[in-house]
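Q: fold the stuff below for me.
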Amino acid sequence: MLTEYWPILLFLIVAGGIGVALLVIGALLGPRRPSAEKQSPYECGFEAFEDARLKFDVRYYLIAILFIIFDLEIAFLFPWATVFNKIGMVALVEMGTFLLLLVVGFVYVWKKGALEWD
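A: Numbers count the residues shown, from 1 in each chain. This is a model prediction of the structure:
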């Protein structure tokens, strides 16, 4: 039974060996020319002008959370779509209810102005 897994084990050993070898070769043969400019903080193409611990606006996190919520809800449609012919009319009504709640939530968030960025 374990002989069936030898190709997978061999693949993992070769892939890990190649990854480690590339890191070692890069560390040994890569150029090292540090300078003050290379060692300075760099952010978005210009010098950092504020503290790195600057607080983000709450709306940034709100939009990120809303994106994750709606993205995950849409991901529930894929398994349902693969077995659509086998699950019948009851499942169609349940998925319609799910999508209706999704749309209602989206309209609520939209009307509350959570998707606006000032």
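
Q: Ile87 and Leu77: what is the separation?
A: Going from Ile87 to Leu77 by Cβ to Cβ, to the nearest Å gives 13 Å. All C-beta spots, glycine's among them, are computed from the backbone N, C-alpha and C.

Q: helices or strands next to the biggest helix by length in the chain in the packing?
A: The longest helix of the chain (DSSP state H) is helix 84-112. Secondary-structure packing of helix 84-112 (3 or more Cβ pairs under 8 Å, 6 or more residues apart in numbering; DSSP states H and E): helix 58-75, helix 77-82.

Q: tell me what the shortest one is packed against?
A: So that's helix 77-82. Under the contact criterion of 3+ Cβ pairs under 8 Å, 6+ apart, helix 77-82 touches helix 84-112.

Q: for the helix it packs on, the averaged confidence score.
A: In this model, helix 84-112 has a mean pLDDT of 86.

Q: list the buried ones in it?
A: 95, 102, 109 (16 or more other Cβ atoms under 10 Å).

Q: from those residues, which is closest to Pro31?
A: Taking Cβ to Cβ as the measure, Pro31 lies nearest Val109 of the buried residues of helix 84-112, at 50.7 Å.

Q: was I right to think the closest one contacts Leu102?
A: No. If you go by Cβ atoms under 8 Å, Val109 and Leu102 don't touch, sitting 10.8 Å apart.
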